[in-house]
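Chemist: one predicted model, sequence on top.
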Amino acid sequence: MSITVMKPGLLVTLQDAGRRGYGRYGIITAGAMDHSAYRIANRLVGNEDEKAVLEITWSGFAVEFLRDRWVAITGGDLSPSIEGLKVPMWRPVLIKAGRVLRFQQPVTGCRAYMAVSGGFDVYQVMGSSSTYLRAGIGGYEGRPLKTGDTLHTHPSMLPVVSSERYLDDYGGFLTVKWAVFSPERYPGPGQEKVVRVLKGRQYDDFDDSSKHALFGERFTVTPQSDRMGYRLSGPLLQLSHAKEYISEPVALGTVQVPADGQPIILMADRQTLGGYPKIAQVATVDISLIAQLSPGATIRFAGISLAEAEQLYSAHVQEFRMLEAMIKLKLKEW
């Protein structure tokens, strides 16, 4: 055993890259909402992509470490601390046995990711450790973590003992003297964000006023938003003529418009098929931004072309590869 849950927080689950290849059977993908933060957290502690991490939503989560463990915390800044000292994010941190790590008030974003070197020792279901809450499978017994749960981990990929010249000692934990770039695009309270989208398959079925509103007005994230979809409130988006649609596959970031005229951005726990008209599709590079939005946040949509979306994604892949290479070099120092 390695860590025990002291306080469950609002919603904490185990997530990995997702459960892929089963959509034809109605099995959702699930996985980390902020995939970029998930991948970087794993890389910082020497893990590969398939390792599950803790996805921590908002505040109130606390865990006690039963043995020394390397961790990395990325994503939204939920004020992680040990004995009142802020734990640095976006870098490897060695937390000592007996210490309690707490997540408190969000500073930026709303979801943090905590990877443990070696990964959590949990069963895989259909090739994934991701928690699928509605089906009750994956993760830790198919449910959110609760007080008293104990998580086991695999052997660490990083040495627990290291030269002090590479580390800063804060008593309850040690950190390396370097950190990866912390994304500044994570929204803070009250910040309005621009989300880049492509026109959806049924974009031309909407009337002119709806098309103008989509790119000219702001939308607000509602409290009904969750891992399945982000429900927005704003100007009504309406079809030019009443029309019935046959259900068809939907993707991460698909923007559907149900009968009430308020758009829904489909997220990690989205259904596999949808029958609502799709007015837009969020560019892949902006999915992580949406995953960090809290209820009450406002966004504006900006239209881009398919070629522009591909260029953005290509640049994102290249940036991650460079970051991955840098992390590997730094981890070899000890």
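Modeler: Nice, I can see it.
Chemist: CA atoms for contacts and neighbours, from now on please.
Modeler: OK.
Chemist: those strands in the stretch 51-200 of the chain, which residues are they?
Modeler: 53-57, 61-65, 69-77, 81-82, 85-86, 92-95, 100-102, 108-116, 150-151, 167-169, 173-176, 193-199 (DSSP state E, counting those that start in this stretch).
Chemist: so what are the sheet partners of the fifth one and their directions?
Modeler: This means strand 85-86. strand 81-82 (antiparallel) (DSSP bridges).
Chemist: list of residues touching the partner strand?
Modeler: Here strand 81-82 makes contact (C-alpha atoms under 8 Å, 6 or more residues apart in numbering) with 87, 99, 100, 101, 102, 103, 172, 173.
Chemist: go ahead and confirm the first one touches residue 78.
Modeler: No. Between residue 87 and residue 78 there is no contact, the gap being 10.4 Å when judged by C-alpha atoms under 8 Å.
Chemist: so between these two, which is more surrounded?
Modeler: Neighbours per residue (other C-alpha atoms under 10 Å) separate residue 87 from residue 78, with residue 78 holding more: 27 against 24.
Chemist: what's the more buried one sitting at in phi/psi?
Modeler: Phi and psi for residue 78, reported as degrees, to the nearest 10, are phi -100, psi 30.
Chemist: state the pLDDT value of the closest residue to it other than its chain neighbours.
Modeler: Nearest residue to residue 78, sequence neighbours excluded (C-alpha to C-alpha, 6 or more residues apart in numbering): residue 106, at 4.1 Å. Per-residue pLDDT puts residue 106 at 89.
Chemist: how about the contacts made by residue 106?
Modeler: 58, 59, 76, 77, 78, 79.
Chemist: could you do residue 174 as well?
Modeler: Counting by C-alpha under 8 Å, 6+ apart, residue 174 makes contact with 93, 94, 95, 167, 168.
Chemist: equivalent analysis for residue 2, please.
Modeler: By C-alpha under 8 Å, 6+ apart, the neighbours of residue 2 are 65, 66, 67, 69, 150, 151, 152, 153.
Chemist: I'd like to know which of the residues you listed are buried.
Modeler: 65, 66, 69, 150, 151, 153 (16 or more other C-alpha atoms under 10 Å).
Chemist: helix/strand/coil for residue 38?
Modeler: helix (DSSP: H, G, I helix; E, B strand; the rest coil).
Chemist: that one reaches residue 45, doesn't it?
Modeler: No. Using C-alpha under 8 Å as the test, residue 38 is too far from residue 45 to be in contact (11.6 Å).
Chemist: shared neighbours, these two?
Modeler: residue 115.
Chemist: still on that earlier bit, now the buried members of the contacts of residue 106.
Modeler: Buried by 16+ other C-alpha under 10 Å: 58, 59, 76, 77, 78, 79, out of those.
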